[in-house]
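Chemist: sequence first, predicted coordinates after that:
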Amino acid sequence: MLKSLIKDHLKILCQLIVFLSLLSLNCVSAQTIKGKVMDATTQKGLAFVHIGIMDSNMGTISKEDGSFEMNLGRISSNKSLHFSMLGYRSHEISLREIGTSFLEIKLEPISFDLMEVVVSSRNNFDTRKLGNYKNSKTTTGKSGDDEFGWGGEWGILIPKPEGEYKIKDVNFHLRFNTVDSVLFRVNIYRMSESDFPSQSMLTKPAFVRSQKGQKWISLNMEDRNLWVNGPIVVTMEWVRVWYAEKGENHLFFTHGKNKNTTIYSKENSFGTWQINQRPPLAIYVNGLFKE
């Protein structure tokens, strides 16, 4: 009887070992991967490329020289690591193919047909503010030392207009801005049939840098020649912070007064869009309507 009991226990132990071995084959052990993203044509490093696991909260961006570092944690090896940046073809690599070696990722540039730009007198346009342009005294922010962002976006829906307009600029408000300066990336999305942001209207990244104490941050978009005749989602993403040598280094974003605004946000560039999970950001566009 004792021999039979020992035999049964050994059998269970062997089955457990086999199960754990199979499980480990489908997971990537906790590891930090390092690499560099480059332009396939020039071989130069690409700054602020979105890097992450699709539909997860795992993401980061490349640094100014294209280098990146990311902790994968324990995640299924069936997943892929994605690389994305406006103006380049997206790239993905299976986690099964990622070893301990340094990754070199080369993104292929995309060529775009030049859009015809119609030059008209400003007198022919009526400028209107669209979005959450009245800022409140309520804020959301942080005080810290995270030098680089991770691809998270935050913005609002701007409903379908009464007529077509051209985007003049994008504006958002900082209540407390005591860091030395911040680099933001702005994006503008068309809406899908399922009422989520879909394709970006931009063909290349749009960056704007704020300075210490600056409240309204404005990015001129007239040269992009963006004409809108439907609903859009306008977002901002902080990508790089230069901290002041002294002080508490606050970075707080102002909420808009219009609480009926629909808010879109995601934790990183490859996460899923969330609706109304964050406060209404004070952000708007100036639209140029033909008179």
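Modeler: Now that the structure is in, tell me what you want to look at.
Chemist: phi and psi next, for the residue nearest to residue 254 when sequence neighbours are not counted.
Modeler: Distances taken as CB to CB, 6 or more residues apart in numbering place residue 173 nearest to residue 254, at 4.0 Å, with adjacent residues excluded. In this view, the C-beta of every residue, glycine as well, is placed from N, C-alpha and C. The phi/psi pair for residue 173 (degrees, to the nearest 10) reads phi -120, psi 140.
Chemist: so what's residue 173 up against?
Modeler: 135, 215, 216, 217, 253, 254, 282, 283 (CB atoms under 8 Å, 6 or more residues apart in numbering).
Chemist: now with 7 Å, please.
Modeler: 135, 215, 216, 254, 282 (CB atoms under 7 Å, 6 or more residues apart in numbering).
Chemist: isn't the last one right up against residue 135?
Modeler: It refers to residue 282. Yes: using CB atoms under 7 Å, residue 282 is in contact with residue 135, at 4.0 Å.
Chemist: got any residues that touch both of those two?
Modeler: 173, 254, 256.
Chemist: report the buried members of the contacts of residue 173.
Modeler: Among these, those classed as buried by 16 or more other CB atoms under 10 Å are 135, 254, 282.
Chemist: which ones among those residues lie within strands?
Modeler: Mapping those onto strands (DSSP state E) picks out 135, 254.
Chemist: list just the nearest of the buried ones among the contacts of residue 173 to residue 166.
Modeler: Using CB to CB, residue 282 is the member of the buried ones among the contacts of residue 173 that lies nearest residue 166, at 22.3 Å.
Chemist: now that closest one: how far from residue 254?
Modeler: Look at residue 282 and residue 254: by CB to CB, to the nearest Å, they are 4 Å apart.
Chemist: any common contacting residues for the two?
Modeler: 135, 173.
Chemist: excluding chain neighbours, what is closest to the spatially most central residue of the chain?
Modeler: Centroid-nearest residue in the chain, with CA atoms, centre = their mean: residue 151, separated by 3.3 Å. Nearest residue to residue 151, sequence neighbours excluded (CB to CB, 6+ apart): residue 269, at 3.3 Å.
Chemist: count the neighbours of the one you found for me.
Modeler: Here the count is done by other CB atoms under 10 Å, and residue 269 has 23 residues near it.
Chemist: and residue 232, how far from residue 283?
Modeler: With CB to CB as the criterion, residue 232 and residue 283 are 12 Å apart.
Chemist: again with residue 200
Modeler: 16 Å.
Chemist: same deal with residue 87?
Modeler: Here residue 87 is placed at a distance of 23 Å from residue 283 (CB to CB).
Chemist: same question for residue 67.
Modeler: Residue 67 is 31 Å from residue 283, by CB to CB.
Chemist: settle it for me: which of the two has more neighbours?
Modeler: Between residue 67 and residue 283, counting by other CB under 10 Å, residue 283 is the more crowded of the two (27 against 14).
Chemist: now residue 170: how far from residue 272?
Modeler: As judged by CB to CB, residue 170 and residue 272 stand 24 Å apart.
Chemist: what of residue 167?
Modeler: From residue 167 over to residue 272 (counting by CB to CB), the distance is 26 Å.
Chemist: residue 127 now?
Modeler: 35 Å.
Chemist: what comes up buried for stretch 127-139?
Modeler: 128, 130, 131, 132, 133, 135, 136, 139.
Chemist: Three-state assignment for the last one, please.
Modeler: Following DSSP: H, G, I helix; E, B strand; the rest coil, residue 139 is assigned to strand.
Chemist: which residues pair with it across the strands?
Modeler: When bridges are called by DSSP bridges, residue 139 pairs up with residue 254.
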